[in-house]
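>>> everything below, folded, please.
(one chain, ligands or ions: 1)
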Amino acid sequence: MAYNLLKGKKGIIFGALNDMSIAWKVAEKAHEEGAEFVLTNTPTALRFGDMDVLAKKCNAQIIPADATSVADLENLVEKTMEIFDGKIDFILHSVAMSLNVRKGLLYDEVNYNYFQKTLDISALSFHKILQVARKKDALNDWGSVVALSYIAAQRSLYGYNDMADAKSMLESIARSFGYIYGRDKKIRINTISQSPTLTTAGAGVKGIDGLLDFTNRMSPLGNATAAECADYCVTLFSDLTRKVTMQNLFHDGGFSNMGMSLNAMEVYNKSLSQEERENK
Ligand SMILES: NC(=O)c1ccc[n+]([C@@H]2O[C@H](COP(=O)([O-])OP(=O)(O)OC[C@H]3O[C@@H](n4cnc5c(N)ncnc54)[C@H](O)[C@@H]3O)[C@@H](O)[C@H]2O)c1
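Residues are numbered from 1 along each chain as shown. Okay, the predicted model is just below:
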């Protein structure tokens, strides 16, 4: 059901690659709620992904940009302001990539060139987007910027690798820039810390199937889906959350506040007793 929560609002959505992408679901939901937006991704993603389908569905224009390139971001913001004949109201940063993860290099064996790329793509790009938007005065007062994060920013999770450091940096940028942009323009900046989700990026995380099962068993409300994440993003872009800023907001069915659940303990005990039986 749509509520017209984003009627009249304009924005930029980074990171819709295919219909599993969280950004894809956000675009669909934002469109349903009355928003107009530009879609952006890297030229490579535009070649291999399905963004044309989404653009058609949402009546959106696509402007290619590598989120690590300030020149690309300047072009993106300028062209977006031309399209909408003025400022915008929201930005979604749904961008991440680690070559160390992709190439299966472990955290104590990372390649440092790849590490720097991870930080640039997955965290520093957020700062670059904010800095470009601010310099070009692209966001209306009371605008809203959201980036997607993961609990590995606070807790050690096996296999998340250098992406954990990138997410810590991403959340820190939301706080640091959130103060400045909030003070000057009343613009709010938040990160949403989402449950593990089966997407192209998610599938790259080591042991994702077991992880999805574990977090689902641990969370009283179960894992949050990409579509549910899109619902949450829409509320943060809407005027209903005007005083929420500089926060890392967990959207994970309660996982982040759990230590052990009955559901997880039952499975753990079952596998323990099986191991005991096998050892006898
Ligand atoms: N899937 C999960 O389990 C999960 C959980 C928590 C947070 N997140 C975060 O959600 C966000 C979206 O990921 P997703 O799961 O939808 O996967 P996805 O693979 O669909 O999206 C990642 C996007 O990043 C884009 N990208 C990569 N390098 C880029 C660059 N240099 N410039 C611009 N775009 C670039 C890709 O083209 C892709 O569209 C990421 O920040 C991810 O870390 C995902």
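>>> what sits against Leu5?
When contacts are counted by Cβ atoms under 8 Å, 6 or more residues apart in numbering, Leu5 is found next to Glu33, Gly34, Val234, Thr235, Phe237, Ser238, Asp239, Leu240. For the C-beta atoms, the positions are set from N, CA and C on the backbone; glycine is no exception.
>>> could you redo these as JSON lines and give each row pLDDT and secondary structure?
As requested, the contacts of Leu5 are arranged in JSON lines below (pLDDT from 0 to 100; DSSP: H, G, I helix; E, B strand; the rest coil):
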{"residue": "Glu33", "pLDDT": "98", "secondary structure": "coil"}
{"residue": "Gly34", "pLDDT": "98", "secondary structure": "coil"}
{"residue": "Val234", "pLDDT": "98", "secondary structure": "helix"}
{"residue": "Thr235", "pLDDT": "98", "secondary structure": "helix"}
{"residue": "Phe237", "pLDDT": "98", "secondary structure": "helix"}
{"residue": "Ser238", "pLDDT": "98", "secondary structure": "coil"}
{"residue": "Asp239", "pLDDT": "98", "secondary structure": "helix"}
{"residue": "Leu240", "pLDDT": "98", "secondary structure": "helix"}
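>>> among the residues you listed, which are within reach of the ligand?
Taking Cβ under 6 Å from any ligand atom, there is no overlap between those and the neighbourhood of the ligand.
>>> who wins for neighbours among those?
Compared across the contacts of Leu5, Phe237 has the highest neighbour count, 27 neighbours, by other Cβ atoms under 10 Å.
>>> residues in the stretch 1-150 of the chain within reach of the ligand, list them.
Applying the criterion Cβ under 6 Å from any ligand atom, the portion of the stretch 1-150 of the chain that neighbours the ligand consists of 14-15, 17, 21-23, 41-42, 45, 66-68, 94-97, 121, 148-150.
>>> and the strands in the stretch 101-250 of the chain?
Counting by DSSP state E, counting those that start in this stretch, residue ranges of the strands within the stretch 101-250 of the chain are 139-149, 188-194, 248-251.
>>> which of these is buried the deepest?
Per-stretch averages of neighbours, counted by mean count of other Cβ atoms under 10 Å, single out strand 188-194 among the strands of the stretch 101-250 of the chain, with a mean of 24.
>>> which residues touch it?
For strand 188-194, contacts defined as Cβ under 8 Å, 6+ apart pick out 22, 130, 142-151, 153, 170-171, 174, 177-178, 181-182, 224, 229, 232-233, 236, 241-252, 256.
>>> same question, stretch 60-70
Contacts to stretch 60-70, defined as Cβ under 8 Å, 6+ apart, come from residues 13-14, 27, 31, 36-43, 46, 51-52, 54-55, 72-73, 75-76, 79-80, 83, 93, 95, 120-121, 124-125, 128-129, 131-132.
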